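Novice: What would the 3D arrangement of this be:
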Amino acid sequence: AEDGRRDRSPSRGLGDVYKRQVAGLVLASTLLSRGTNDTAAVAVSLEPGRSSLTSIETGFSDGGVAATYRLRGTPRGGNVADTWQAVLAGRSGAHPLEYPWVAEHDLPVTFAATLAIPPEKVLSKVEQRRQDPCAQYAVIAAREAWADAGSPDIDRDRLAVSVGSGVGGISTVIAQWENLRTKGPRRVFPLAVPMLLVNSPTAMVSLEVGARGGGHTPVSACASGAEAIGNAADWIRSGRVDMAIAGGTEAAVHPLPIGGFCAMQALSTRNDDPQRASRPYDVDRDGFVMGEGAALVVLETYDSAKARGATIYAELLASGISTDAFHVAAPEPEGIGAAAAMTQAITIGDIDPADIVHLNAHATSTPVGDVAEVKAVRRALGEHADHVAVSATKSMTGHLLGAAGSLEAIFTILALRERLAPAQINLDSLDPDVASGVVPYTEEAAQDCADLIRAARRGGCRGAWRDGTTRRPIGRAGSLAQTSALAPFSQ
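Specialist: Model prediction:
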């Protein structure tokens, strides 16, 4: 690609794009129909060094919060590496559902993006029986993340858990209601109540690792996972705890949520072509694709991570949160609430919008939401939105609802680590209302960008991360620090 020819690979290195002066990366971001729920946005910034994350000798600010390990199960893979490679390759996780209840209820939508590796292949039968699927997913992710973190020998009074979920134990609710209705109260499972509670995943993860420093479950629809990470970072900064496991989980591939979303006309009905159903910004988009999974990160103080020789993937710099207060389901059409969350994080993180060059958007493929989010990004970043490479990864993973923000936080961290922006798939014809505000990043969208990636230092929205691979301080003269902003807006 050094001769200036267009790179047709699905994912392009951000540094390489700078060298050959080609951009296939300039923006688009999406907001599902979001009403009175919270808006959360996360930003990550990178001071590039070595491509491999092995060094902890970084120039983090005092009181920094480091993301040292991360893992989860998703529709595109049972671990981080598999999921990331599938996303970089542009492979969709959507497929027809084979559950008998699809035909039984005559559902208008017959496909979703389910887990690549079902929990029964990982958990014992006793664990499966005593945990709702949303808790199962969180426990699996927590185990892998904690092991990847080296199972730290930490004072459990200084360890917290923050796992968000939008729907919670819906499978347990329906199953036990059916038991009560058909068999009577004596046949209701004794653990039904703790299983159906939305904070069950937080409780089960706390039990798994023995965390006694506090447990919290944000329930703010699609912002839940991102909000959980922001909350955990605040606890660490305040001195309440030294370490936290944080993120989101969701197991809503169930006839009731699917039926409900169908009634809202929020889901794509492309039953004949599931893998091309999620198509953010496309003029023919018709709704999102239901997904499921869990995405968790381990956060700790920088001093703690350095002292124990941990691998640091990123630093969380700032966070912001807002609410539309507009409608229970529809987004505020001008993106005012969503922009407020981004602006808040940018301000708290002392981030110059001109330095933001990458954004992993909520990008759900809803007709109204896409346009509202584009307006939010434009409102928050102004003319600088023209120079932002945006990835719409839900075009491949589907929408994980309460786990969406944390999954895309991990994608953002990986984008910084490898200096690659995942390309969107299924964008055949760009919606003019989107094109007037931003430009989506697809493998076809290459254009001259000599000024696109230059002297970037930080970036912001809901939280700011920077990668942990170099000693050089952010903004060092002559260095190129790329920034990534993630905007997971709630529905």
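
Novice: Show me the strands in the stretch 151-300 of the chain, by range?
Specialist: For the stretch 151-300 of the chain, applying DSSP state E, counting those that start in this stretch gives strands covering 159-164, 215-216, 243-250, 293-301.

Novice: Out of those strands, which is the most enclosed?
Specialist: strand 243-250 (a mean of 34; mean count of other C-beta atoms under 10 Å). In this view, the C-beta of every residue, glycine as well, is placed from N, C-alpha and C.

Novice: packing partners for that one?
Specialist: With contacts taken as 3 or more C-beta pairs under 8 Å, 6 or more residues apart in numbering; DSSP states H and E, strand 243-250 sits against helix 133-148, strand 159-164, helix 200-209, helix 224-238, strand 293-301, helix 404-418.

Novice: Need the strands of the stretch 151-300 of the chain in TSV (columns: distance to residue 119 and mean pLDDT).
Specialist: Listed next are those as TSV, based on distance: least, C-beta to C-beta, whole Å; pLDDT from 0 to 100:
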stretch	distance to residue 119	mean pLDDT
strand 159-164	16	98
strand 215-216	21	96
strand 243-250	11	97
strand 293-301	10	94
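
Novice: what's the closest of those strands to residue 95?
Specialist: Nearest of these to residue 95, taken as C-beta to C-beta: strand 293-301 at 14.3 Å.

Novice: The next helix or strand after the closest one packs against which elements?
Specialist: Downstream of strand 293-301, the first helix or strand assigned by DSSP states H and E is helix 302-307. Identification of packing neighbours for helix 302-307 by 3+ C-beta pairs under 8 Å, 6+ apart yields strand 65-73.

Novice: Report the mean per-residue pLDDT for the strand it packs on.
Specialist: Across strand 65-73, the average pLDDT comes to 62.

Novice: For the remainder of this discussion, apply numbering that starts at 42.
Specialist: All right, first residue 42 from here; so that's strand 106-114.

Novice: end-to-end on stretch 188-206?
Specialist: 23 Å (C-alpha to C-alpha, to the nearest Å).

Novice: Any regions of the chain where pLDDT drops low?
Specialist: Within the chain, the segments meeting pLDDT under 70 span 42-105, 109-118, 477-480, 482-532.

Novice: Skipping adjacent residues, who's closest to the most centrally placed residue in it in space?
Specialist: By C-alpha atoms, centre = their mean, the chain has its centre lying nearest to residue 449, at 2.5 Å. The shortest distance from residue 449 to any non-neighbouring residue, by C-beta to C-beta, 6 or more residues apart in numbering, is to residue 401 (4.7 Å).

Novice: Also residue 119?
Specialist: Nearest to residue 119 is residue 158, by C-beta to C-beta, 6+ apart, at 3.4 Å.

Novice: Tell me how many other residues crowd the one you found.
Specialist: 14 (other C-beta atoms under 10 Å).

Novice: cool, and residue 244?
Specialist: 19.

Novice: List the beta-bridge partners for residue 340.
Specialist: Beta bridges link residue 340 to residue 108, residue 285, judged by DSSP bridges.

Novice: wait, isn't it in contact with residue 284?
Specialist: Yes: Residue 340 lies in contact with residue 284 (C-beta atoms under 8 Å); the separation is 6.8 Å.

Novice: Overlap of the contact sets of the two?
Specialist: Here residue 340 and residue 284 have residue 277 as joint contacts, going by C-beta atoms under 8 Å, 6 or more residues apart in numbering.

Novice: Run a quick check on residue 433 versus residue 404, I expect a contact.
Specialist: Yes: using C-beta under 8 Å, residue 433 is in contact with residue 404, at 3.4 Å.

Novice: circling back: roughly how far apart are the residue nearest to the centre of the chain and residue 245?
Specialist: Distance, residue 449 to residue 245, by C-beta to C-beta, to the nearest Å: 23 Å.

Novice: swap in residue 171?
Specialist: 9 Å.

Novice: what's the neighbour count on the residue nearest to residue 230 when sequence neighbours are not counted?
Specialist: Nearest residue to residue 230, sequence neighbours excluded (C-beta to C-beta, 6+ apart): residue 217, at 5.9 Å. Neighbour count for residue 217, taken as other C-beta under 10 Å: 19.

Novice: same question, residue 388
Specialist: Burial of residue 388 is recorded as 12 neighbouring residues (other C-beta under 10 Å).

Novice: how would you label it: helix, strand or coil?
Specialist: Classification of residue 388 using DSSP: H, G, I helix; E, B strand; the rest coil returns helix.

Novice: picking up where we left off before, of the helices and strands packed on strand 284-291, which approaches residue 328 most closely?
Specialist: Nearest of the helices and strands packed on strand 284-291 to residue 328, taken as C-beta to C-beta: helix 445-459 at 15.1 Å.

Novice: CA-only coordinates of the closest one in PDB, if you can.
Specialist: Extracted in PDB, the C-alpha atoms of helix 445-459 (Å, rounded to 0.1, in the frame of the first residue of the first chain):
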ATOM      1  CA  ALA A 445     -22.900  -3.500  24.300                       C
ATOM      2  CA  GLY A 446     -20.900  -0.700  25.900                       C
ATOM      3  CA  SER A 447     -18.400  -2.900  27.600                       C
ATOM      4  CA  LEU A 448     -17.900  -5.100  24.600                       C
ATOM      5  CA  GLU A 449     -17.100  -2.100  22.400                       C
ATOM      6  CA  ALA A 450     -14.900  -0.700  25.100                       C
ATOM      7  CA  ILE A 451     -12.800  -3.900  24.700                       C
ATOM      8  CA  PHE A 452     -12.900  -3.400  20.900                       C
ATOM      9  CA  THR A 453     -11.600   0.100  21.400                       C
ATOM     10  CA  ILE A 454      -8.800  -1.000  23.600                       C
ATOM     11  CA  LEU A 455      -7.800  -3.600  21.100                       C
ATOM     12  CA  ALA A 456      -8.000  -1.000  18.300                       C
ATOM     13  CA  LEU A 457      -5.500   1.100  20.300                       C
ATOM     14  CA  ARG A 458      -3.300  -1.900  21.000                       C
ATOM     15  CA  GLU A 459      -3.000  -3.000  17.400                       C
END
